[in-house]
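A.B. asks: Sequence and predicted structure, then a few things I'm wondering about:
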Amino acid sequence: MSTLAPSPAEEIREFVIAGHGNLDKVKEMLSESPNLLNRSHEWAPNDTETALQAAAHVGNRDIAEYLLAQGAPLDICTAAMLGRQEDVQRLLQKEKTLINATGAHGIPLMAHVALSGNADLAQLLAQNGAKTGMSMALSNAVSKGHLEMTRWLLENGAPDIEWQNFQGKTALQIATEQGNAEIAELLRAYSAA
């Protein structure tokens, strides 16, 4: 019996899913079908995602760097997730409205920069008007164990520390589960203040 090849839409979907966290599969699929690089999957109306956007919104640096090296265009959300301050500044100088950019699934720019741990870049974005996504940013910073970014968000973003991620977990629950006592203590002190 022969197996049918996946449809182009199924192949794109599989590639985008791999972009979230399976570098080996991304490499394999891209070597077999180079045209997948910048293709996007439509999850719902007005909700599309490329493999690079997938890597960016989950903070997968290795996959993002690989896709960029293969020729995927650098967008501001990916640059923010990678902590590339000069690239972010350059992109903002070209188009100031990018300060309100969102990545896949409408995820705000500040949530991407929190994954990098670059508090200086977060400060730059805030000074330029990035205001949305602070609660998600806090969750992302905590999930990556970025103490200084967590501190910066608490001091500058007034996030809702009871905000829950897609798994229904608060930042404190994430820090506790990861055994990150320093971040957990910081979150408790903030909520007590």
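C.D. replies: The structure has been received and is ready for your questions.
A.B. asks: make it CA atoms for all contacts and neighbour counts henceforth
C.D. replies: Noted.
A.B. asks: Okay, and Thr132 sits in which element?
C.D. replies: Using DSSP states H and E, Thr132 sits within no helix or strand.
A.B. asks: My understanding was that it contacts Pro108; is that so?
C.D. replies: Yes - Thr132 lies in contact with Pro108 (CA atoms under 8 Å); the separation is 6.3 Å.
A.B. asks: and the two? which has more neighbours close in?
C.D. replies: Shown here are Thr132 and Pro108; by other CA atoms under 10 Å, Pro108 has more neighbours (23 against 19).
A.B. asks: residues touching the closest residue in space to Glu182 that isn't next to it in sequence, list them.
C.D. replies: Nearest residue to Glu182, sequence neighbours excluded (CA to CA, 6 or more residues apart in numbering): Leu147, at 7.7 Å. For Leu147, the contact set (CA atoms under 8 Å, 6 or more residues apart in numbering) comprises 141, 182-183.
A.B. asks: Could you rerun that using 10 Å?
C.D. replies: 117, 119, 141, 153, 180, 182-184, 186 (CA atoms under 10 Å, 6 or more residues apart in numbering).
A.B. asks: burial count for Glu182?
C.D. replies: Glu182, neighbours per other CA under 10 Å, totals 13.
A.B. asks: Figure out the helix or strand that it lives in.
C.D. replies: In this assignment (DSSP H and E), Glu182 forms part of helix 181-192.
A.B. asks: tell me what that helix is packed against?
C.D. replies: Helix 181-192 sits against helix 134-143, helix 147-156, helix 171-177, with contacts defined as 3 or more CA pairs under 10 Å, 6 or more residues apart in numbering; DSSP states H and E.
A.B. asks: buried sites along it?
C.D. replies: 183-184, 186-187 (16 or more other CA atoms under 10 Å).
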